[in-house]
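Q: next come a sequence and a model predicted from it.
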Amino acid sequence: MTAGGRQTGSALSVAVLGAGSWGTTFAKILADAAAAAGDPRTIRLWGRRAEVVDQINTSHVNAQYLKDVPLPESISASTDVAAVLKDADLVVIAVPAQSLRPQLREWKDLIAPDAMVVSLMKGLELGTDARMSEVIGEELGLPAERIAIVSGPNLAMEIAREEPTASVVACSDSAAAGWIARSCTAPYFRPYTTADVVGVEIGGIVKNVIALAVGICEGKQMGDNTKASVITRGLAETSRLALALGGEAKTMAGLAGLGDLVATCSSPLSRNHTAGRLLGQGLTLEEVGQKMTQTAEGIKSGQAVHELAGKLGVEMPITAAVVAVLAGKLSVDQLGPVLLSRELKPEGDY
């Protein structure tokens, strides 16, 4: 089956690689979407840890990542990635961004030749500054129309609890985007579609860095004016970078831009917001890592975003300041004064 041939129906056999909070939640979305549509669909979830996999199969929960949220019995889990990927026509990947490339090299020969691959990841690869769709295309040898992105204000725990959420499926092939959207349309999850893969990915990447900045402000017990200012100027930074890479301005005003930024910067469920808050409270980067059970992608991707902005000549002062804090070159106490001391200019000068 080719991407362009997916005009009707939804995925029949789905593999989700990554049993963390978002991977498990998306498997639930796919299972609930199938149940709502009356589709005979199998959802197989791959996880690294046997105890997590066993718990999903026997108790139908993933307590480490989603507490007591019940999972559909139609989801099966395994540590055997070959078994999970066998004959899957839709392959969803939700692993830490910096581990994606080596894992794809292990998985390449196991993925069906005509499968669509969907990235749930919101990171930029260190060293190459590559977006996740680019890494997937390079390592799997797939054309752009076989790769899609799902992004938006997607805090996993809220969605797992079936709180109403909208999202975006981005793919250069509109028929493929629609096919994926139909496959993940659940009673509580409403996907829109777009062809702006670059804009959607950049929105999901940079918001993590801005959320660190907002978290630092909260850790320093700064008020809502401060946080709103950082969010708004953070959106300007995100837009500048997206446009420089060929993304669309309207994407930045949508769910994958403003929507994702607001959710990630405002919610205590956000890993990056939490990491920033801990830094603002005076914890070291090492101490933050010890307290958190999940990856805060902004910590790893911040440097890559900063490097990419430099290559493109894009001004991103909040990102630069956060990277300096992470590198120990700037204290959290200096963050605000450094940003406020910048040269005055019209607000609309992007």
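A: Arrived safely, thanks for sending.

Q: quick check: Val91 is in a strand.
A: Yes - membership of Val91 in a strand is supported by DSSP: H, G, I helix; E, B strand; the rest coil.

Q: now do the same contact list for it.
A: Applying C-beta atoms under 8 Å, 6 or more residues apart in numbering, one finds that Val91 lies in contact with 14-15, 17, 85, 111-112, 115-118. To be clear about C-beta, it is placed using only N, CA and C from the backbone, and glycine gets the same treatment.

Q: let's see 7 Å
A: 15, 17, 85, 111, 115, 117 (C-beta atoms under 7 Å, 6 or more residues apart in numbering).

Q: count the neighbours of the fourth one for me.
A: Other residues lying near Ile111 total 19 when counted by other C-beta atoms under 10 Å.

Q: likewise the fifth one?
A: Close neighbours of Ala115, defined as other C-beta under 10 Å, add up to 22.

Q: that one reaches Val92, doesn't it?
A: No - contact criterion C-beta atoms under 7 Å: Ala115 and Val92 do not qualify, at 10.3 Å.

Q: now secondary structure too, for the contacts of Val91, in a markdown table please.
A: Shown next, in a markdown table, are those (three-state DSSP):
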| residue | secondary structure |
| --- | --- |
| Ala15 | strand |
| Leu17 | strand |
| Leu85 | helix |
| Ile111 | coil |
| Ala115 | coil |
| Val117 | strand |
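
Q: of those residues, closest to Gln334?
A: For those, the residue nearest Gln334 by C-beta to C-beta is Leu17; the value is 40.6 Å.

Q: helices along the stretch 1-150 of the chain, start to end?
A: Secondary structure of the stretch 1-150 of the chain by DSSP state H, counting those that start in this stretch: the helices cover 21-37, 50-59, 63-66, 81-85, 100-107, 132-140.

Q: what lies in contact with the second one?
A: It stands for helix 50-59. 19, 45, 47, 61-64, 71, 75-79.

Q: okay, who's weakest in the residues you listed by pLDDT?
A: Confidence by pLDDT is poorest for Gln64 among the contacts of helix 50-59, given 93.

Q: low pLDDT regions in the stretch 201-350 of the chain?
A: Filtered on pLDDT under 70, the stretch 201-350 of the chain yields the residue ranges 349-350.

Q: tell me the buried residues within the contacts of helix 50-59.
A: 19, 45, 47, 61-62, 64, 71, 75, 77-78 (16 or more other C-beta atoms under 10 Å).

Q: please flag which of the contacts of helix 50-59 sit within strands.
A: Among these, the members found in strands (DSSP state E) are 45, 75-78.

Q: on that earlier part again, so can I have JSON lines of the helices of the stretch 1-150 of the chain showing distance to Ile149?
A: Output for the helices of the stretch 1-150 of the chain, formatted as JSON lines (distance: least, C-beta to C-beta, whole Å):
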{"stretch": "helix 21-37", "distance to Ile149": "12"}
{"stretch": "helix 50-59", "distance to Ile149": "25"}
{"stretch": "helix 63-66", "distance to Ile149": "22"}
{"stretch": "helix 81-85", "distance to Ile149": "20"}
{"stretch": "helix 100-107", "distance to Ile149": "13"}
{"stretch": "helix 132-140", "distance to Ile149": "6"}
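
Q: out of those, which is the most enclosed?
A: Counting by mean count of other C-beta atoms under 10 Å, helix 21-37 has the highest mean neighbour count of these, with a mean of 24.

Q: neighbouring contacts of it?
A: With C-beta under 7 Å, 6+ apart, helix 21-37 has contacts from 10, 14, 16, 41, 43, 45, 62, 65-66, 71-72, 74-75, 92, 94, 120, 154, 156-157, 159-160, 183-187, 189, 294.

Q: swap in 8 Å and give it another go.
A: 10-11, 14, 16-17, 39-41, 43, 45, 56, 62, 65-66, 69, 71-72, 74-75, 92, 94-95, 120, 150, 154, 156-157, 159-160, 182-189, 294.
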